[in-house]
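[1] Return atomic coordinates for the entry below.
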Amino acid sequence: MLAAARRNSFARFAVGLVAGVAITTISACTTGDVFALQPAVDVGSQTAAVPEAPQYVGLQRLVPSNPYMTQAAYPRMDEPMSPVEQMPASEIDCRNELKRMGVVYQDVQPIHEGQCGIDFPVKVSAIGSVAMQPAATLTCNMAATFAAWTKNELQPAARWRYFSGVKAIHQGSSYSCRNIAGEGVLSEHGKGNALDVMSIELNNGDDIDVRKPGLFAFRTRGFLNNVRADGCQYFTTVLGPGYNYDHRNHFHFDIKNRKSGYRACR
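    From the prediction side, this is the model:
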């Protein structure tokens with residue numbers, strides 16, 4: 001009897017144990033608590049940490065901090081270099097001479113148009129207090145020659161004849177890619193070695209047109225004769241009104257290099 005009672009008690013204990021395990025398993029599946037099934041790393045339940053910005057070195061150190069800039073302003077390596085950085089010594093010396101004479105100018109990029117062009121052009125807007133209107137694009141050598149003539153000859157002649165300084169030189173053509181009219185030969189304008197003067201404005205308000213003056217315009221005639229004669233001491237070519245029809249309304253000055261050293265002053 002005692003042995004049978006013990007077997008019945010053990011059987012009831014085993015059935016209860018199995019039932020308890022089953023209830024626990026059902027409870028776990030119905031609560032949604034599945035942490036044991038999740039991966040070791042959370043892939044979406046939390047906001048991912050923002051990685052620290054990399055610390056750049058080298059080129060960025062050359063860029064100053066600017067709170068108004070949204071991007072680093074790296075220098076553009078494809079921008080053309082200033083012509084000053086590639087100039088031969090003769091061009092640098094010429095520009096120093098322009099500065100010594102008080103010429104107001106700026107360097108512009110090289111000009112290349114077929115057979116025409118200037119390797120190191122300058123754009124002259126004034127010679128001391130004398131304005132160049134409009135600004136003239138020339139070789140530095142032509143600019144320096146014209147400036148020397150303006151300061152040493154033109155201004156003194158104006159003071160002597162008109163008791164007034166020169167306010168402005170009105171030019172009609174500096175650099176221009178073209179041939180000499182009717183000759184098929186490249187003009188010195190196409191090399192930046194020529195300048196055409198249309199009129200000369202004085203501080204007293206007079207605007208002297210360089211066209212051939214009237215018979216009784218003695219002062220103007222004397223002044224323009226000075227312009228022509230004095231110009232021939234500086235330029236290799238001076239052509240003006242009275243030479244031909246094409247030059248009826250301006251003085252043409254250039255520094256054409258002639259092997260014989262010949263100067264055309266007409």
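[2] What about the residue nearest to residue 150 when sequence neighbours are not counted? Give its phi and psi, please.
    Leaving out its chain neighbours, the residue that sits closest to residue 150 by C-beta to C-beta, 6 or more residues apart in numbering is residue 127, at 4.9 Å. Every C-beta, even on glycine, is put in place using the N, C-alpha and C of the backbone. Here the main-chain torsion angles of residue 127 (degrees, to the nearest 10) amount to phi -120, psi 100.
[3] Burial check on residue 127, number of neighbours?
    Burial of residue 127 is recorded as 25 neighbouring residues (other C-beta atoms under 10 Å).
[4] bridging residues for it?
    Using DSSP bridges, the bridge partners assigned to residue 127 are residue 103, residue 130.
[5] ok, it - contacts?
    Residue 127 sits next to 101-104, 146-147, 150-151, 169 when contact means C-beta atoms under 8 Å, 6 or more residues apart in numbering.
[6] and it, how far is that from residue 89?
    For residue 127, the distance to residue 89 (C-beta to C-beta, to the nearest Å) stands at 24 Å.
[7] Could I get the buried residue list for stretch 227-241?
    Of the residues in stretch 227-241, 227-228, 230-231, 234-241 count as buried by neighbour count, 16 or more other C-beta atoms under 10 Å.
[8] Just the C-alphas of that stretch, formatted as CSV.
    Provided in CSV are the C-alpha atoms of stretch 227-241 (Å, rounded to 0.1, in the frame of the first residue of the first chain):
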residue,chain,number,x,y,z
VAL,A,227,52.8,118.2,-81.7
ARG,A,228,54.0,116.8,-85.0
ALA,A,229,57.6,117.9,-84.8
ASP,A,230,58.2,117.0,-81.2
GLY,A,231,56.5,113.7,-81.7
CYS,A,232,59.1,112.7,-84.2
GLN,A,233,61.8,112.8,-81.5
TYR,A,234,60.0,110.0,-79.6
PHE,A,235,58.1,107.9,-82.2
THR,A,236,59.3,106.3,-85.4
THR,A,237,56.1,107.2,-87.2
VAL,A,238,54.0,110.4,-86.9
LEU,A,239,51.3,110.8,-89.5
GLY,A,240,48.6,113.5,-89.2
PRO,A,241,46.2,115.8,-91.1
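[9] who touches it?
    With C-beta under 8 Å, 6+ apart, stretch 227-241 has contacts from 145-146, 148-149, 153-154, 157, 188, 194, 200, 210-212, 224, 247-258, 262-266.
[10] This completes my enquiry, with thanks.
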